[in-house]
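below: sequence and its predicted model.
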Amino acid sequence: MKILVPVKRVIDYNVKPRVKADGSGVDLANVKMSMNPFDEIAVEEAIRIREAGKAEEIVVVSVGPTKAQETLRTALAMGADRAILVQVEDDVDVEPLAVAKILKAIAEQENPGIVMLGKQSISDDSNQTGQMLAALMGRPQGTFANTVEVDGDSVTVKREIDGGLETVKLSLPAIVTTDLRLNEPRYASLPNIMKAKQKPLENKTPADYGVDIAPRLKTLKVAEPPVRSAGIKVADVDELVAKIKALGIA
Amino acid sequence: MQEREDLAEIRRAVRALCEEFPGEYWREKDRERAYPGEFVDALTRAGFLAALIPEEYGGSGLKLDSAAVIMEEIQAAGCNGAAAHAQMYVMNTLLRYGSEEQKRTYLPGIAAGELRLQAFGVSEPTSGTDTLSLKTRAVRDGDEYVINGQKIWTSRAEHSDLMALLARTTPRDQVASKTEGLSLFLVDMRKAVGNGMTIKPIRTMMNHSTTEVFFDELRIPASALIGEEGKGFRYILSGMNAERILIAAECIGDAKWFIERATGYAKERSVFGAPIGKNQGIQFPIARCYAQMRAAELMVHHAAEVYDRGGNAGAEANMAKMLASEASWAAADMCVQTHGGFGFAEEYDVERKFREARLYTVAPISTNLILSYLAEHVLGLPRSY
């Protein structure tokens, strides 16, 4: 079985994002970029499935600028077998639907048993690509995976839902999106970083897959969250109740 | 400046590993003066300490420029590579001068981290940099050598399986050339401790696991000799350039850490209604340290390049070590000053890094000896000592 793992290059989770002065987006100049943490979890899970002898090959794919090659190399150094970069211009933001269409086209060529995606990227928190891909391909989906168990021609996914875990059994091929507690990703070892340099990285464009990535949405304005104003201290319960009443909350 | 992609990838991987060892981990080790074994194990498992060992012996066969990036990044992440850096370079003399059998016996174990070769017995109480006057004797007796004497500042001896030991095999008044008569041995400490070798820790101002090692009729097999008898001094000299370049890279990492911390604090800390970094009195020292660090960094890169090309990197390695250690110490001092009182609070890690950074204008060679080297060997001035 083959596993396809899409990965996205995003602002490192340790960096505090800053909004551009003109409000057109987030300032990415000279900001540390890393692999989306949920995607890292997806790569790790794919490697574990392969290590358990239930998959033979892991293909990582990124839709992004030239620099997304770094993200792919990191995935290769972790243990993925080969990579595909679907390259777009540096400042182009590809919306989830376009990414899902590209992934569908790649999946049709590669025929993976599982497409393992992060549940969302920390850059825009859309949480849509996996679900859209499942719909476009007409395949079952197990989103927000807490555990993943491959067994023959099916995969059992425990999903993190409000109030607990839901277990679903999907017949392969299927789409799985990973949640935070699925695993702890490994870091690349030096010998694997060296090996990763020899692994194939294919360069493609959205046009190669016949996908139009023109945005369907228009961003009007990006703004910093409003600064939270200071609270007030009340002396006792009576004063608290009076304040609440005065504010018209109760 | 765009870095070579392979180096950037190593940097990212080291940084990811180091993230699992935050300031809290190092503060606790520092408080207990404990060896950071978990950190060293993680570095070993990830193969970083085997960077310079050729692939045929189980390492990654990288050049010194990559090894330097590893050490720099460890320090820049706030960790302390001093606990492990020797595992990277002590094996150099074994690699260059050891027999094929010695290399096959030891290098794969060293590469895998099962064997730690990170103790280097050179300095003695009465001979520091004046290595040729060392007194520890190794006397051939049949198939063995008998060792007597004492070493000092032997770091990590308690956390090493093997020690590279320099001892005198021919009395000083009987040698043809003054640089001969010393021999290099690979001592199996697992057998030696308690059988003629005694290790005594020395408590120091920072957590450095350094020791004194005493030899009392220690018997080691003659096969422990590396290369030819009497040529040991020449062997260790060639290894010292690599050590100096790697330690210079660590200093660059430290300087980057201090500058990053100082800059972050200067932006956040607000006094008299504005961040302190708004004042030139705060900005200028940080900017100056940055410039000093960048200049030293260029020399470190240059030294690694000369070394990797196979040239004699003596002058460059020495200059890199001096400039980088001075840049890191200047940045350490600046970082404390920027933090004011908080620079002294353990919780900020600044005081710990400050103590750790102080070492490198002294070890592995002091600034004065570097200046003497440059004066004599580069500028052709008369020998001063």
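Cool, the structure landed. Numbering: from 1, shown residues only, chains lettered A, B, ... in the order given.

does the host helix or strand of B:Pro108 reach chain A?
Using DSSP states H and E, B:Pro108 sits in helix B:100-112. No - under the criterion of Cβ under 8 Å from any Cβ of the partner chain, chain A is not reached by helix B:100-112; the shortest gap measures 9.6 Å. All C-beta atoms are positioned from the backbone trio N, CA, C, and that covers glycine.

what does that helix rub up against?
Defining contact as Cβ atoms under 8 Å, 6 or more residues apart in numbering or on different chains, one finds that helix B:100-112 is touched by B:44, B:50, B:53-54, B:57-59, B:87, B:91, B:94-95, B:98, B:115-117, B:162, B:186, B:223, B:226.

got a list of what residue 79 touches?
No chain was given, so I picked chain A. A:Val43, A:Ile47, A:Arg50, A:Ile58, A:Arg186, A:Asn192.

that's the wrong chain, I meant chain B
Contacts of B:Cys79 (Cβ under 8 Å, 6+ apart): B:Cys18, B:Phe21, B:Trp26, B:Phe39.

could you measure the last one against B:Pro22, distance?
Taking Cβ to Cβ, to the nearest Å as the measure, B:Phe39 and B:Pro22 are separated by 11 Å.

and for A:Glu89?
38 Å.

tell me which of the two has more neighbours.
B:Pro22 (13 against 8; other Cβ atoms under 10 Å in any protein chain shown).

show me where chain A has helices.
Remark: helices assigned in chain A by DSSP state H are A:37-51, A:68-78, A:96-110, A:129-137, A:190-196, A:237-247.

columns distance to chain B, mean pLDDT and mean neighbour count on top of these, output as CSV?
Formatted as CSV, the helices of chain A follow (distance: least, Cβ to the nearest Cβ, whole Å; pLDDT from 0 to 100; neighbours: other Cβ atoms under 10 Å in any protein chain shown):
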stretch, distance to chain B, mean pLDDT, mean neighbour count
helix A:37-51, 9, 97, 23
helix A:68-78, 6, 94, 24
helix A:96-110, 24, 97, 20
helix A:129-137, 24, 98, 21
helix A:190-196, 4, 91, 21
helix A:237-247, 30, 91, 10
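
so for A:Pro140, what's the nearest residue that isn't a sequence neighbour?
Distances taken as Cβ to Cβ, 6 or more residues apart in numbering or on different chains place A:Leu170 nearest to A:Pro140, at 3.9 Å, with adjacent residues excluded.

can I assume that neighbour is in contact with A:Ser154?
Yes - in this structure, A:Leu170 is within contact of A:Ser154 by Cβ atoms under 8 Å, at 6.3 Å.

comparing the two, which residue is more hemmed in?
Summary of the neighbour comparison: A:Leu170 and A:Ser154, criterion other Cβ under 10 Å, with A:Leu170 having more neighbours (18 against 13).

how close does the residue nearest to the spatial centre of chain A sit to chain B?
Centroid-nearest residue in chain A: A:Gly118, 3.5 Å away (criterion: Cα atoms, centre = their mean). Using Cβ to the nearest Cβ, to the nearest Å, A:Gly118 is found at 17 Å from chain B.

pull the contacting residues for that residue.
Here A:Gly118 is in contact with A:Pro6, A:Val7, A:Lys8, A:Asn36, A:Pro37, A:Phe38, A:Asp39, A:Glu40, A:Ile41, A:Ala42, A:Thr177, A:Thr178 (Cβ under 8 Å, 6+ apart).

the second one - how many residues pack around it?
Counted by other Cβ under 10 Å, the residues lying close to A:Val7 total 27.

which bits of the stretch 251-385 of chain B sit near chain A?
Counting by Cβ under 8 Å from any Cβ, no residue of the stretch 251-385 of chain B is near chain A.

can you give me the strands in chain A?
A:2-6, A:9-11, A:33-35, A:57-64, A:82-87, A:114-118, A:141-151, A:154-161, A:164-171, A:174-178, A:201-204 (DSSP state E).

ok, back up a step: let me know the closest of the contacts of A:Gly79 to B:Gly281.
A:Arg186 (45.9 Å; Cβ to Cβ).

gap between B:Gly230 and chain A?
Remark: distance between B:Gly230 and chain A (Cβ to the nearest Cβ) = 37 Å.

highest average neighbour count across the strands of chain A?
Greatest average neighbour count among the strands of chain A goes to strand A:114-118 (a mean of 30), per mean count of other Cβ atoms under 10 Å in any protein chain shown.

avg pLDDT for it?
The pLDDT scores in strand A:114-118 average 98.

for that strand, which strands pair with it and how are they oriented?
Applying DSSP bridges to the sheet, strand A:114-118 is found paired with strand A:2-6 (parallel), strand A:174-178 (parallel).

could you figure out how far the first one is turned away from helix A:37-51?
By that I understand strand A:2-6. Using axes from the mean of the first three to the mean of the last three Cα atoms, to 10 degrees, the inter-axis angle of strand A:2-6 relative to helix A:37-51 is 170 degrees.

shaky segments in the stretch 201-350 of chain B?
For the stretch 201-350 of chain B, not a single residue meets the criterion pLDDT under 70.

just the helices in it please.
B:232-268, B:280-308, B:314-339, B:350-357 (DSSP state H, counting those that start in this stretch).

possible to save those as JSON lines with distance to B:His377 and mean neighbour count?
Listed next are the helices of the stretch 201-350 of chain B as JSON lines, based on distance: least, Cβ to Cβ, whole Å; neighbours: other Cβ atoms under 10 Å in any protein chain shown:
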{"stretch": "helix B:232-268", "distance to B:His377": "12", "mean neighbour count": "23"}
{"stretch": "helix B:280-308", "distance to B:His377": "15", "mean neighbour count": "18"}
{"stretch": "helix B:314-339", "distance to B:His377": "7", "mean neighbour count": "25"}
{"stretch": "helix B:350-357", "distance to B:His377": "28", "mean neighbour count": "22"}
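
now distance to B:Ile202 too, for these, in TSV please.
Output for these, formatted as TSV (distance: least, Cβ to Cβ, whole Å):
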stretch	distance to B:Ile202
helix B:232-268	20
helix B:280-308	29
helix B:314-339	21
helix B:350-357	15
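
go through these and name the closest to B:Leu64.
helix B:280-308 (4.8 Å).

just how off-centre is that closest one within its chain?
19 Å (Cα atoms, centre = their mean, to the nearest Å).

tell me the angle of it relative to helix B:314-339?
Put simply, helix B:280-308 runs at 160 degrees to helix B:314-339, going by the same axes, to 10 degrees.

helices or strands up against helix B:280-308?
Counting contacts by 3 or more Cβ pairs under 8 Å, 6 or more residues apart in numbering or on different chains; DSSP states H and E, helix B:280-308 is packed against helix B:64-76, helix B:232-268, helix B:314-339.

thinking again about what came up before, how about the helix holding B:Pro108: buried residues?
Using 16 or more other Cβ atoms under 10 Å in any protein chain shown as the test for burial, helix B:100-112 gives B:Gln102, B:Lys103, B:Tyr106, B:Leu107, B:Pro108, B:Gly109, B:Ile110, B:Ala111, B:Ala112.

and B:Val14, how many neighbours does it have?
B:Val14 has 28 nearby residues by other Cβ under 10 Å.

same check on A:Asp236?
8.

quick one: the nearest residue to B:Met197 once chain neighbours are set aside from chain A, how far?
The shortest distance from B:Met197 to any residue other than its chain neighbours is 5.2 Å, reached at B:Leu218 (Cβ to Cβ, 6+ apart). As for B:Leu218, its distance to chain A is 35 Å (criterion: Cβ to the nearest Cβ).

tell me the bridge partners for B:Leu218.
B:Ile147.

isn't it right up against B:Gly196?
Yes - if you go by Cβ under 8 Å, B:Leu218 and B:Gly196 touch, sitting 3.1 Å apart.

got any ranges where the stretch 1-150 of chain B has weak pLDDT?
By pLDDT under 70, the weakly predicted segments of the stretch 1-150 of chain B are B:1-2.

appreciated, that's everything.
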